[in-house]
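Engineer: starting from these lines, generate the structure:
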Amino acid sequence: MVPDFQQYAAPRGAYILKSSAQKKYNLSQTDMDNIDPISVEGRMNGPGCMIKYNLCDVRLLRAKVDDLEQQLSLNAPDGETVPRHGATIVRSKAKKEHNLSDVQMDRIRPCLIKENIYSQPGAPALVDEINSLRTRPAPPEALAAYNAIPEGNPQTNPDYNIFDGMPHDDAAALWVT
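Structural biologist: Numbers count the residues shown, from 1 in each chain. Take a look at the predicted model:
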């Protein structure tokens, strides 16, 4: 069954499938709910559907998520965290699933330190922040890259080229992922 979306985005440059976007840009289902797909098509060879998004929309969403994560970790002391690689797990869940003690957990440096939103009354819920990604302003450099991609669909117009008329340096900057 193909899900029914309330709104679809206009095609704008290249597209990316939802599953690929989630893997490549490390986005969750909740994150992806903040942008509109350009199309939803049933799979010819099995159940489910293919949900296509504008690649520029996905990149802009990733920039907003990065900005949100940076804002949430502003109070973390230097040297307390390690770079993030792969999947993450909350401390309490790691203790339970891997049968670790507090002492063992204290030896592991986290990749992100956030305050527990449930322990402090009046603290803004992270869920509200994630749900507001649609209306959250994008970082200026991400917005510039997004606005540089014109609306249109290269699949339906063979002469379409987003780099036409651009200076070499601007086109090269868009090409870098």
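Engineer: list the contacts of the residue sitting nearest the centre point of the chain.
Structural biologist: For the chain, the residue sitting closest to the mean C-alpha position, by Cα atoms, centre = their mean, is Arg62 at 3.4 Å. The contact partners of Arg62, taken as Cβ atoms under 8 Å, 6 or more residues apart in numbering, are Tyr25, Asn26, Leu27. (Glycine included, C-beta is placed from N, CA and C.)
Engineer: which SS state does the second one fall under?
Structural biologist: Secondary structure state of Asn26, per DSSP: H, G, I helix; E, B strand; the rest coil, is coil.
Engineer: what is the least confident helix or strand in this structure?
Structural biologist: Ranked by mean pLDDT, DSSP states H and E, the weakest helix or strand in the chain is helix 126-131, scoring a mean of 61.
Engineer: just list what the following helix or strand past that helix packs against, helices and strands only.
Structural biologist: Downstream of helix 126-131, the first helix or strand assigned by DSSP states H and E is helix 140-147. Judged by 3 or more Cβ pairs under 8 Å, 6 or more residues apart in numbering; DSSP states H and E, the packing partners of helix 140-147 are helix 55-72.
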